[in-house]
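Participant: Okay, sequence plus prediction incoming.
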Amino acid sequence: MNLFGSLVIAFSMYSRIPMPQLEWTSERMKYVMCFFPLIGAVIGLLEFAVFLGGNALGFRHLGQILPVVIPILVTGGIHMDGFLDVVDARSSNGDRKKKLEILKDPHTGAFAIIGCGVYLVLYLAVFLEMRPAMIPVFCLSFVVTRALSGLSVVTFPMAKESGLAASFSGAAQKRAVAVVMVLYLAAAGGGIWYLGGAASAAVTLIISLLIYWYYYTMAKREFGGITGDLAGYFLQICELALVAGLAVVSHVVSL
């Protein structure tokens, strides 16, 4: 029952999928992050269904544009919100204290709006360059990014003792969560290899590790650790980089 409660909390917090209301007990909070990548699996299934359905019904452009916004619709924009907050904070060129204050500010700055527009245009551009045969691999990338994000929450230093990431990190059964995240990564990696070949798997691995390393070093240097906003920033950047990488692979390798 506690594991079911952990799943409900994960989907309630990180998606807009209707879930029953229940109490956030300490036992249930221990394993919440274990179910975070499943939201990526749901997004991937929706992406695949919309792409195939749009093309089957003759809505070719709709089937190519909707996949860009599905992750935001499913998550309610929680990760994009973190991305925008971090863009604002980093664009301030302030010290660590100033940047952390900006992360807490509920107002949206000009740099965040610009960053959102650029992000969505780039995402759409690289997605349109992706060949249809690469779509199944693309769908699995949402599991990869969430598994890495969940792993960071239980292994990276926190920038502050309060906040969403700190709350989930402090309550988590860290060793169990870390093992489960690695299993998700192994399963998704195997699926990507099977569906897209060795080149797709290698590109996914290299890009993911490079963005993960950048996320760790940047967060520690500029913020003193990670926050919920920085975890969202990583997830969005990693998703964009993976789409771009897979688009390139789909043209270089015959699928």
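Facilitator: Structure's in. What do you need?
Participant: Now Gly63: closest residue in space, sequence neighbours ignored.
Facilitator: Gly54 (2.2 Å; Cβ to Cβ, 6 or more residues apart in numbering). C-beta: built from backbone N, CA, C; applies to glycine.
Participant: Now for that neighbour, which secondary structure element holds it?
Facilitator: helix 36-56 (DSSP states H and E).
Participant: Tell me which residues of that helix come out buried.
Facilitator: Neighbour-count burial for helix 36-56, counted by 16 or more other Cβ atoms under 10 Å, picks out 36-44, 46-48, 50-51, 54.
Participant: residue ranges of the helices in this protein, please?
Facilitator: In the chain, helices defined by DSSP state H lie at 2-14, 26-29, 36-56, 60-75, 78-91, 96-104, 110-129, 135-155, 164-171, 174-223, 228-252, listed in chain order.
Participant: who touches the first one?
Facilitator: Looking back up the chat, that one is helix 2-14. 17, 19-20, 22-25, 27-36, 38-39, 75, 78-79 (Cβ atoms under 8 Å, 6 or more residues apart in numbering).
Participant: give me that answer again for 10 Å
Facilitator: 17-40, 42, 74-76, 78-79, 146, 149-150, 164, 168, 172-173, 228, 232, 235 (Cβ atoms under 10 Å, 6 or more residues apart in numbering).
Participant: mind listing what's buried in it?
Facilitator: Buried-residue list, helix 2-14, by 16+ other Cβ under 10 Å: 5-14.
Participant: Equivalent analysis for the last one, please.
Facilitator: Residues of helix 228-252 classed as buried by neighbour count (16+ other Cβ under 10 Å): 228-250.
Participant: any idea how far the closest residue to Gly197 other than its chain neighbours is from Ala201?
Facilitator: The spatial neighbour of Gly197 that comes closest, neighbours along the chain excluded (Cβ to Cβ, 6+ apart), is Val253 at 6.4 Å. Using Cβ to Cβ, to the nearest Å, one gets 11 Å for the distance from Val253 to Ala201.
Participant: Looking at the two, which has the bigger crowd around it?
Facilitator: Per other Cβ atoms under 10 Å, whichever of Val253 and Ala201 has more neighbours is Ala201, with 20 against 16.
Participant: Please name the residues that touch the nearest residue to that one once chain neighbours are set aside.
Facilitator: Counting by Cβ to Cβ, 6+ apart, the nearest residue to Ala201 once its immediate chain neighbours are dropped is Trp193, at 4.0 Å. Applying Cβ under 10 Å, 6+ apart to Trp193 gives the contacts 137, 199-202, 204-205.
Participant: Residue ranges in the stretch 51-200 of the chain under the pLDDT threshold?
Facilitator: 60, 162-172 (pLDDT under 70).
Participant: If we use 80, what do you get?
Facilitator: Along the stretch 51-200 of the chain, segments meeting pLDDT under 80 span 54-64, 106, 160-173.
Participant: Quick check: Glu101 vs Thr217, distance?
Facilitator: Distance from Glu101 to Thr217, counting by Cβ to Cβ: 22 Å.
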